[in-house]
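Chemist: generate coordinates for the sequence data below:
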Amino acid sequence: LISIRACGEYCVLATKSEEADQYILILCNAIGSPVDSKYIEVEPVHMTMTQYHVIVVSEELVYVWQFRTPVSRLTSVDSEASSSLRRKEGRERIFHIDDKQVMDENITNVAQKLASGNLSTKDPACALCASEQCLLIGRESGIVNRYSLPHLAFDKTYVLRCRPQSAGEGGLQGEQLPLERKDCWGMCWSNDNPELFAIMEKTRMYIFRGMEPEEPVLSSGFICQFSDLQIRAVLLDDVMRTPDHPDKDFLIDFETKSLRDTRHILTNVGIDDAYQFIEDNPHSRLWRILAEHSLENLDFAIADKGFVRCADYQGIQFVKQLQLLDDPRKQHAEVAAYFKRFDEAETIYRDMDRMDLAIEMRMRLGDWFKVEKLAQSSAGDDALLMLAWNKIGEYYADRQKWSKAVAYFAQAKNAEQLVECFYLLEDYVGLEKLIHTLPDGHPMLCNIGKKFLSVGLCEQAVEGFLKGADVKAAVDCCVLLNQWDQAVELAERNDFQQIEGVLSKYANYLLEKQKPLQAIELYRKANRHTEASKLLVKLAEEAATQKVNPLRVKKLYVLAALEIERFRNKTLNPDNVLQGNSTYHTKTMAAQTLDGLMTLDAASSGDGPGGMENAWHGAEAYHFWLLAHQQLYDGNFDAARRISLLLSEFEDVFDAMDIYCFQALACFYSKYYGKCSRAFIKLESMPGIPADKQELFSELAVSIFTKHSPNDPSQGKSRKTKGMDDEFAVKGKIASQCCVASGKELSGESSTRCKQCKHSSVNSELQGRNDARCAMPR
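Modeler: Sure thing, here's the model as predicted:
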């Protein structure tokens with residue numbers, strides 16, 4: 001960064017480019033965003049800026065960029081057609097400082113001339129300033145060239161008897177002043193009066209009106225502003241001693257002699273003499289002082305003249321309003337308020353016993369804390385208090401002090417703002433209490449429900465929607481938060497039929513995305529137990545075809561059966577069947593009970609894939625299949641044989657060849673060759689088995705029974721016990737005769753029956769565990 005200048009809404013930055021002898025001008029708007037840029041070959045030794053132009057001056061070249069025009073904000077937003085003619089239109093101009101007639105040089109030619117040294121000058125530029133009408137360039141010899149703007153043209157030349165050290169905006173429209181001062185190191189023109197300027201000589205400040213100086217003032221500050229007959233200077237030496245911690249005392253204000261004299265005359269002489277003095281030395285600041293002093297004395301005629309002369313329209317209107325008041329005390333109070341002495345104005349109103357006027361004044365000021373105090377002192381009604389509390393709550397809410405805002409909004413009973421504050425504070429307990437406070441059908445209840453929905457609090461959101469009489473929003477909330485059981489319950493209670501379609505559509509979507517477990521969980525949450533059971537049975541059948549993990553298959557069948565049991569309990573539960581008044585109970589109890597039994601019968605049918613009997617049957621089959629293998633691998637061959645005989649009942653679940661192969665194996669190891677022989681007979685006569693496998697079975701049977709006769713060992717059993725093994729294979733005898741934990745017969749043993757699957761187990765085999773078949777507590 002080389003230089004920076006600003007004017008109005010824009011500023012320009014001059015930086016050095018990465019290429020040699022090239023510079024960049026970056027135009028930025030009021031928020032610091034770049035809006036345009038230019039690459040130039042002119043070194044920005046001096047730079048200034050006006051409302052429409054950026055002027056860059058090196059020692060020998062002048063570059064003028066008209067970045068905006070009075071009719072368009074920026075020249076860069078003009079059309080492409082006009083941009084091609086921009087140089088001809090004078091938007092960018094570059095010329096040599098020695099040229100009396102401004103010629104539009106080509107930038108490429110300028111670069112070539114610079115390289116060859118043809119553009120050097122013996123009188124380089126040393127100072128620069130510009131306004132909207134003219135441009136001044138000071139040179140080392142004391143010559144000052146003046147050019148007119150916006151049409152860049154050479155006007156005239158001024159000759160000074162010294163080298164121009166700096167130039168500033170001021171009397172650019174006037175002529176050269178016959179003024180010469182020595183040891184001058186600072187100068188500043190007045191912004192609002194071209195006749196006034198201030199200079200610094202050593203440690204004295206001189207203020208000139210025309211060519212006549214006022215009495216000097218001792219000061220060593222650097223002048224930074226001169227306006228409204230007041231000069232602001234900054235003590236740069238003190239600032240640089242502590243640049244990180246500047247103090248406001250480093251800024252000093254000086255008043256001109258006319259301003260000081262006006263104040264003295266108004267204080268010690270009178271308004272008439274002050275009026276005459278200001279007539280002789282007119283300035284808007286002096287007229288305003290006269291008008292304000294007249295207001296203090298309730299001299300409305302002089303005050304009106306003063307405001308007219310300083311073009312203060314608001315002051316004129318204020319004087320007219322004061323003249324309409326009939327009480328001088330009211331006028332004094334309004335004047336005090338005009339000069340921002342509000343406590344004094346309130347005191348006057350209190351002395352007048354006009355608290356209503358004091359409250360009105362505080363309301364106009366927006367001082368709602370004072371309004372609250374005045375209203376609570378029996379000077380206002382409840383509506384005014386409500387208004388004050390609301391405004392104070394908004395005051396704290398604007399500053400994000402939500403806790404304090406809640407206190408005032410609660411006093412004002414402003415439900416809308418309370419909802420927002422509780423939500424921003426994450427005070428969901430307070431938001432829930434607000435639901436119970438508001439009456440049914442209040443418009444803010446649905447808004448509260450949406451707030452709870454956005455943070456995932458389903459129960460509170462549903463409560464808000466229901467109290468706000470928006471059942472559809474409550475159901476949609478449950479669906480969005482995956483609370484399908486509550487959604488279905490609400491839909492059934494309020495006869496909302498669309499929930500079934502949404503549930504089915506979402507379940508189908510999950511199944512299409514190969515997410516059956518999520519679909520099952522969806523049905524479970526929605527209390528659709530039969531659909532969940534069907535999906536579980538389907539998963540179990542798919543896992544069974546893989547013959548990889550029989551334990552997983554058993555668990556899936558058990559889960560499917562448990563879903564059917566839940567459906568059964570829900571259907572036959574009297575609390576679900578009987579609802580409404582007692583007369584309705586009496587007339588409809590039989591019909592509802594019959595309907596429940598018919599629904600249960602259809603769901604429990606063994607024909608369907610998700611029926612109760614099918615699910616329990618599959619779970620039972622895989623339970624005994626796993627138990628038989630476990631006994632075989634543990635060396636309990638006799639127990640494995642007994643359980644294998646039970647598998648004959650599950651030919652609809654397993655492949656018959658697998659069942660009788662395992663029976664033959666278990667009977668062989670337990671030396672029950674008679675039952676082993678019967679298993680081989682089944683295998684050899686089984687239809688659908690390939691001939692090569694039948695041949696293998698025959699060869700294996702021959703090799704076994706040439707060594708062992710096909711007879712079972714005799715163990716001297718009682719008549720009742722002898723036929724027990726054979727009776728295991730009879731349909732329907734397993735539940736009443738077999739222990740599902742070990743496969744033993746139940747006769748003579750202490751056993752416990754499972755309430756869920758209705759099968760029994762020997763207590764000694766359970767050893768405190770859950771049921772071996774369904775894993776449910778007994």
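Chemist: tell me where the stretch 301-450 of the chain is predicted with low confidence.
Modeler: Applying pLDDT under 70 to the stretch 301-450 of the chain flags the ranges 378-380.
Chemist: and the helices in it?
Modeler: Under the criterion DSSP state H, counting those that start in this stretch, the stretch 301-450 of the chain contains helices at 313-324, 328-338, 342-351, 355-365, 368-374, 382-398, 402-412, 415-425, 428-437, 443-454.
Chemist: need the ones you listed in JSON lines (columns: distance to Tyr557).
Modeler: Just so you know, the C-beta spots here come from the backbone N, C-alpha and C atoms, and that holds for glycine as well. Listed next are those as JSON lines, based on distance: least, C-beta to C-beta, whole Å:
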{"stretch": "helix 313-324", "distance to Tyr557": "89"}
{"stretch": "helix 328-338", "distance to Tyr557": "88"}
{"stretch": "helix 342-351", "distance to Tyr557": "85"}
{"stretch": "helix 355-365", "distance to Tyr557": "77"}
{"stretch": "helix 368-374", "distance to Tyr557": "72"}
{"stretch": "helix 382-398", "distance to Tyr557": "60"}
{"stretch": "helix 402-412", "distance to Tyr557": "56"}
{"stretch": "helix 415-425", "distance to Tyr557": "48"}
{"stretch": "helix 428-437", "distance to Tyr557": "43"}
{"stretch": "helix 443-454", "distance to Tyr557": "39"}
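Chemist: poorly predicted segments of the stretch 451-600 of the chain, please.
Modeler: Ranges of the stretch 451-600 of the chain meeting pLDDT under 70: 497-500, 502-503, 572-600.
Chemist: ugh, typo on my part, it should be the stretch 1-150 of the chain
Modeler: Short version for the stretch 1-150 of the chain, where the test is pLDDT under 70: 72-90, 102-119.
Chemist: list the buried ones in whatever helix or strand Ala666 lives in?
Modeler: Here Ala666, judged by DSSP states H and E, is contained in helix 656-669. The neighbour-count check on helix 656-669 (16 or more other C-beta atoms under 10 Å) flags Ala656, Ile659, Tyr660, Cys661, Phe662, Gln663, Ala664, Leu665, Ala666, Cys667, Phe668, Tyr669 as buried.
Chemist: burial count for Ala301?
Modeler: Ala301 has 10 neighbouring residues, counting by other C-beta atoms under 10 Å.
Chemist: quick one: it from Glu215, how far?
Modeler: Ala301 sits 34 Å away from Glu215, going by C-beta to C-beta, to the nearest Å.
Chemist: before we move on, what about Ala30?
Modeler: 41 Å.
Chemist: tell me who's in contact with Leu683.
Modeler: Leu683 sits next to Met657, Tyr660, Cys661, Ala664, Ile689, Gln694, Phe697 when contact means C-beta atoms under 8 Å, 6 or more residues apart in numbering.
Chemist: hmm, 6 Å instead?
Modeler: By C-beta atoms under 6 Å, 6 or more residues apart in numbering, the residues touching Leu683 are Tyr660, Phe697.
Chemist: phi, psi of it?
Modeler: phi -70, psi -40 (degrees, to the nearest 10).
Chemist: and the pLDDT for it?
Modeler: Note on Leu683: pLDDT of 84.
Chemist: and if you look at Gln173?
Modeler: pLDDT recorded at Gln173 is 54.
Chemist: Ser760 too?
Modeler: pLDDT at Ser760 comes out at 67.
Chemist: likewise Arg719?
Modeler: Here, the pLDDT recorded for Arg719 equals 40.
Chemist: Leu179 too?
Modeler: 76.
Chemist: how about it, what does it touch?
Modeler: Contact criterion C-beta under 6 Å, 6+ apart gives no residues in contact with Leu179.
Chemist: and the gap between it and Cys162?
Modeler: In this view, Leu179 and Cys162 are 12 Å apart by C-beta to C-beta.
Chemist: Val45 too?
Modeler: Counting by C-beta to C-beta - Val45 and Cys162 are separated by 20 Å.
Chemist: cool, and Thr262?
Modeler: Counting by C-beta to C-beta, the gap from Thr262 to Cys162 is 36 Å.
Chemist: circling back: in the buried residues of helix 656-669, find the pair that's most separated.
Modeler: Ala656 and Tyr669 (20.8 Å; C-beta to C-beta).
Chemist: can you put the helices of the stretch 301-450 of the chain in TSV and add distance to Phe208 and mean neighbour count?
Modeler: Below are the helices of the stretch 301-450 of the chain laid out as TSV (distance: least, C-beta to C-beta, whole Å; neighbours: other C-beta atoms under 10 Å):
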stretch	distance to Phe208	mean neighbour count
helix 313-324	30	14
helix 328-338	35	18
helix 342-351	40	17
helix 355-365	43	17
helix 368-374	49	20
helix 382-398	49	17
helix 402-412	56	19
helix 415-425	60	19
helix 428-437	69	15
helix 443-454	68	19
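Chemist: which one of these lies nearest to Leu266?
Modeler: Taking C-beta to C-beta, helix 328-338 is the member of the helices of the stretch 301-450 of the chain nearest to Leu266, at 15.7 Å.
Chemist: alpha carbons of that closest one, in PDB - could you do that?
Modeler: Extracted C-alpha coordinates of helix 328-338, given in PDB (Å, rounded to 0.1, in the frame of the first residue of the first chain):
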ATOM      1  CA  PRO A 328     -45.500  29.100  30.700                       C
ATOM      2  CA  ARG A 329     -44.500  26.200  32.900                       C
ATOM      3  CA  LYS A 330     -45.400  23.800  30.100                       C
ATOM      4  CA  GLN A 331     -43.300  25.900  27.800                       C
ATOM      5  CA  HIS A 332     -40.400  25.800  30.100                       C
ATOM      6  CA  ALA A 333     -40.700  22.000  30.400                       C
ATOM      7  CA  GLU A 334     -40.800  21.600  26.600                       C
ATOM      8  CA  VAL A 335     -37.800  23.800  26.200                       C
ATOM      9  CA  ALA A 336     -35.900  21.800  28.800                       C
ATOM     10  CA  ALA A 337     -36.800  18.600  26.900                       C
ATOM     11  CA  TYR A 338     -35.700  20.200  23.700                       C
END
